[in-house]
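In: Compute the structure for the input listed below.
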Amino acid sequence: MTQKALELPALHVGSGYRHQSLTWFPVWTDRPAQHRSYQTNVDLLEVGELEQEQVPTLRVRNRSEDAVVVFEGSVFEGGLQTRTLTKTTLIPAAAETDVPVVCVEASRWGGNTRRHQVGTRMAPSRVRSAARGVTRGTPRSPMNARQGAVWSEIDGYQARHNMSSPTRNLVDVDQHVEANQTRPMPVKALPGQTGVIIAAMGQPIALELFDHPDTLAERLESILRGFLLDVTGIPYVETPSRRARRFARRVVETGLRETTREERTRVLSSPDSPLVATDAVGLDEDLLHLSALNPRHELVLAA
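Out: Numbers count the residues shown, from 1 in each chain. Modelled structure (predicted):
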């Protein structure tokens, strides 16, 4: 199959904001926002196990009359074990869709419910990179190696934050770090902003980009809080704006190629690169969500 490219818009990066060791930069594009044909309210969704349970797959039912988007990195708590979503997925109105996940709770398979809670919790960068098979070299790691890598990263977070989860559950680690935050994180989406670059230790970690300012505004706090597991306890190092702009240019210059197409949605990823690892989903012929990681950052991949 000939891979079809998706042309990315030009990205404009603003001045950075700081919270403890984390810095984030607002991002705008040169494309006008179109009418949104979806919602992001996950309260409209029901997530549960398949009839024949499988670790890498959950079933999502949309109870609303509108399509709902659930984003890569979202954590589904409960069920037979807690999982995280590996691909941004559009759930059509009044429909059921099977979604790809990885386990983020290694020592449990069972419980009193097959249902999952869908909240605003996001997996941290090393879990997301492991789930996507990002490596310092190329190409990405095979699917059968990714689950073990995710569990290894969760063990690393436990050790780093000096806590132990009885079931090696990412949520337990996240709650531990959250409970020890001494002051709230100030979050403000700027008018027209559709993306954000997150940085720490003097370098960009990731870029998240959406098709509409409302989507960014609804997602921004969850995105930033997802990085607290990565940055809590490390010293602050200033990230110059020029490095954020350079990372944005690399994402655009590396580009995206279509890997699969499913009705209205297109699944895309960047060509193999040691500088950028991007996954994206397009809706019709437009970009819906892009998530780019910096493989050279030690908070994304171990040295």
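In: For residue 97, give me its contacts.
Out: Taking Cβ atoms under 8 Å, 6 or more residues apart in numbering as the contact definition, residue 97 lies against 59, 60, 62, 89, 91. Backbone N, C-alpha and C define where each C-beta goes, glycine included.
In: The last one contacts residue 66, correct?
Out: The reference is to residue 91. No - Residue 91 is beyond contact range of residue 66, at 9.8 Å (criterion: Cβ atoms under 8 Å).
In: Show me where the stretch 101-250 of the chain has its strands.
Out: Read by DSSP state E, counting those that start in this stretch, the stretch 101-250 of the chain holds these strands, from start to end of the chain: 115-122, 195-200, 203-210.
In: partner strands of the first one, parallel or antiparallel?
Out: Sheet partners assigned to strand 115-122 using DSSP bridges are listed as strand 45-48 (antiparallel), strand 74-78 (antiparallel).
In: Of those strands, give the one that comes closest to residue 28.
Out: Using Cβ to Cβ as the measure, strand 74-78 is the one of the strands paired with strand 115-122 that comes nearest residue 28, at 24.6 Å.
In: Please work out which of the strands paired with strand 115-122 is packed deepest.
Out: A comparison of the strands paired with strand 115-122 by mean neighbour count, using mean count of other Cβ atoms under 10 Å, puts strand 74-78 on top with a mean of 23.
In: Would you pull up how far whichever helix or strand comes after that one lies from the middle of the chain?
Out: In the C-terminal direction, the helix or strand that comes right after strand 74-78 (DSSP states H and E) is strand 83-85. Between the centre of strand 83-85 and the centre of its host chain there is 10 Å, according to Cα atoms, centre = their mean, to the nearest Å.
In: show me the contacts for the spatially most central residue of the chain.
Out: Centroid-nearest residue in the chain: residue 73, 3.7 Å away (criterion: Cα atoms, centre = their mean). Applying Cβ under 8 Å, 6+ apart, one finds that residue 73 lies in contact with 84, 85, 122, 123, 128, 226, 291.
In: With neighbour count and distance to residue 282 as extra columns, can I get those residues in TSV?
Out: Converted to TSV, the contacts of residue 73 look like this (neighbours: other Cβ atoms under 10 Å; distance: Cβ to Cβ, whole Å):
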residue	neighbour count	distance to residue 282
84	25	22
85	25	17
122	27	21
123	28	22
128	25	20
226	24	23
291	20	13
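In: Out of those, the closest to residue 257 would be?
Out: Using Cβ to Cβ, residue 291 is the member of the contacts of residue 73 that lies nearest residue 257, at 15.6 Å.
In: need the contact list for that closest one.
Out: Counting by Cβ under 8 Å, 6+ apart, residue 291 makes contact with 72, 73, 88, 128, 206, 207, 208, 209, 278, 279, 280.
In: ok, now with 6 Å
Out: Each residue near residue 291 by Cβ atoms under 6 Å, 6 or more residues apart in numbering is listed here: 72, 208, 279.
In: mind putting the strands paired with strand 115-122 in CSV, mean pLDDT and distance to residue 169 included?
Out: CSV is the format used below for the strands paired with strand 115-122 (pLDDT from 0 to 100; distance: least, Cβ to Cβ, whole Å):
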stretch, mean pLDDT, distance to residue 169
strand 45-48, 97, 17
strand 74-78, 97, 9
